[in-house]
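> Can you look at this prediction? I've put the sequence above it.
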Amino acid sequence: MRIGKQDAPFTAISTSDAASITVRGRDLCSELIGKIDFSDYFFLLLMGEMPNDNQRFFVNALLVAIAEHGLVPSVQAARMTYVAAPEAIQGAVAAGLLGSGSVVLGSSEVAGRFLHELVDASKDRDAREVAAERLRQMRASKTAIPGFGHPQHSGGDPRANVLLKLADERGLNGPYIRMLRTVESVLPEALGRVLPININGAMPAILLEIGFPVSALKSISILARTAGLLAHLREEAERPIGFIMSNAAADAISYDGKR
């Protein structure tokens with residue numbers, strides 16, 4: 001049984017024959033290996049072209065910014081999976097990445113779609129009016145504002161502050177960063193309180209400015225967090241805390257079902 005479209009049997013990423021391997025139109029062995037670094041290669045694979053200076057700079061900056069943030073849920077899932085199945089490190093990495101959703105790790109994609117919709121809507125309207133109207137709707141429906149606020153960094157996410165400062169220094173001030181700032185300025189009036197920009201607001205604004213499509217926004221978070229997970233799993237192999245976290249969870253949760 002055939003399911004879905006069947007009329008585009010092509011890929012433009014790579015091919016090979018007996019003598020060569022081609023990746024995005026370049027010979028892997030003579031043009032890429034030893035000639036470019038991994039972040040450039042990632043950009044080439046994802047986007048089909050080599051990055052310019054600004055794209056290279058911000059891809060590297062964002063990968064560093066998001067790779068590690070302590071014992072977050074994805075890390076806990078990975079470490080507890082590894083301690084239960086140490087023969088399958090790939091399963092532990094997968095366990096950590098499976099939680100890349102709308103609340104943790106993947107929330108930059110949600111914020112990116114939010115900014116993209118606001119920028120589209122403001123093409124023929126005042127940006128502040130568009131932002132204020134959307135925020136009032138979100139407040140009425142009790143929807144969280146993606147890209148703003150942080151449970152730990154209540155005074156402002158230091159990663160976002162650094163990234164946006166770098167964007168200013170490098171002249172990155174297009175419609176998405178301007179809309180991010182517009183939402184920030186409208187929030188006190190629309191919600192009655194200040195919410196600082198967090199890493200998941202700064203990241204998609206910068207990625208959209210340097211040409212990433214909305215569909216690729218989560219890719220930076222997934223790639224970066226993979227590196228962080230591998231670091232935690234190496235430590236887990238030498239200094240295991242997976243069962244400690246599991247036991248702490250069991251001790252912290254009280255049973256309130258029928259006896």
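Great, that's in hand.

> Run through the stretch 101-250 of the chain and note the low-pLDDT ranges.
151, 153-154 (pLDDT under 70).

> Helices along that one, start to end?
Using DSSP state H, counting those that start in this stretch, the helices of the stretch 101-250 of the chain run over 107-121, 127-140, 158-169, 175-191, 199-209, 217-238, 242-252.

> Comparing those, which comes out most buried?
Comparing the helices of the stretch 101-250 of the chain by mean neighbour count (mean count of other Cβ atoms under 10 Å), helix 199-209 ranks first with a mean of 27. Quick note: C-beta positions are derived from backbone N, CA and C, even for glycine.

> on contacts alone, who are the packing partners of that helix?
helix 53-66, helix 107-121, helix 158-169, helix 175-191, helix 217-238 (3 or more Cβ pairs under 8 Å, 6 or more residues apart in numbering; DSSP states H and E).

> Ok, which of the helices of the stretch 101-250 of the chain comes nearest A84?
Ranking the helices of the stretch 101-250 of the chain by proximity to A84 (Cβ to Cβ) places helix 242-252 first, at 7.2 Å.

> other SSEs contacting that closest one?
Right, helix 242-252 is packed against helix 73-84 by 3+ Cβ pairs under 8 Å, 6+ apart.

> Just want the angle from the helix it packs on to helix 217-238.
Calculated by axes from the mean of the first three to the mean of the last three Cα atoms, to 10 degrees, helix 73-84 forms an angle of 40 degrees with helix 217-238.

> Could you pull out the buried residues of helix 73-84?
S74, V75, Q76, A77, A78, R79, M80, T81, Y82, V83 (16 or more other Cβ atoms under 10 Å).

> Looking at the residues you listed, which one is closest to V104?
S74 (6.6 Å).

> my guess is that closest one contacts L229, does it?
Yes - contact status for S74 versus L229: in contact at 6.9 Å, counting by Cβ atoms under 8 Å.

> so what sits against both of the two?
Shared contacts of S74 and L229, defined by Cβ atoms under 8 Å, 6 or more residues apart in numbering, are found at G96, L97.

> As CSV, the helices of the stretch 101-250 of the chain with distance to L97 would be great.
Converted to CSV, the helices of the stretch 101-250 of the chain look like this (distance: least, Cβ to Cβ, whole Å):
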stretch, distance to L97
helix 107-121, 14
helix 127-140, 28
helix 158-169, 20
helix 175-191, 26
helix 199-209, 16
helix 217-238, 6
helix 242-252, 17
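
> Nearest to A8 among the ones you listed would be which one?
helix 217-238 (21.7 Å).

> Alpha carbons of that closest one, as CSV, please.
Extracted in CSV, the C-alpha atoms of helix 217-238 (Å, rounded to 0.1, in the frame of the first residue of the first chain):
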residue,chain,number,x,y,z
LEU,A,217,15.0,26.2,14.3
LYS,A,218,15.0,23.1,16.6
SER,A,219,18.1,21.7,14.9
ILE,A,220,20.6,23.9,16.8
SER,A,221,19.1,22.8,20.2
ILE,A,222,19.2,19.1,19.3
LEU,A,223,22.7,19.2,18.0
ALA,A,224,24.0,21.2,20.9
ARG,A,225,22.3,19.2,23.6
THR,A,226,23.6,16.0,22.0
ALA,A,227,27.1,17.2,22.9
GLY,A,228,26.0,18.0,26.4
LEU,A,229,24.3,14.7,26.9
LEU,A,230,27.4,12.8,25.8
ALA,A,231,29.4,14.7,28.4
HIS,A,232,27.0,13.8,31.1
LEU,A,233,27.0,10.1,30.0
ARG,A,234,30.8,10.0,30.0
GLU,A,235,30.6,11.3,33.6
GLU,A,236,27.8,8.8,34.4
ALA,A,237,30.0,6.0,33.3
GLU,A,238,32.7,7.1,35.8
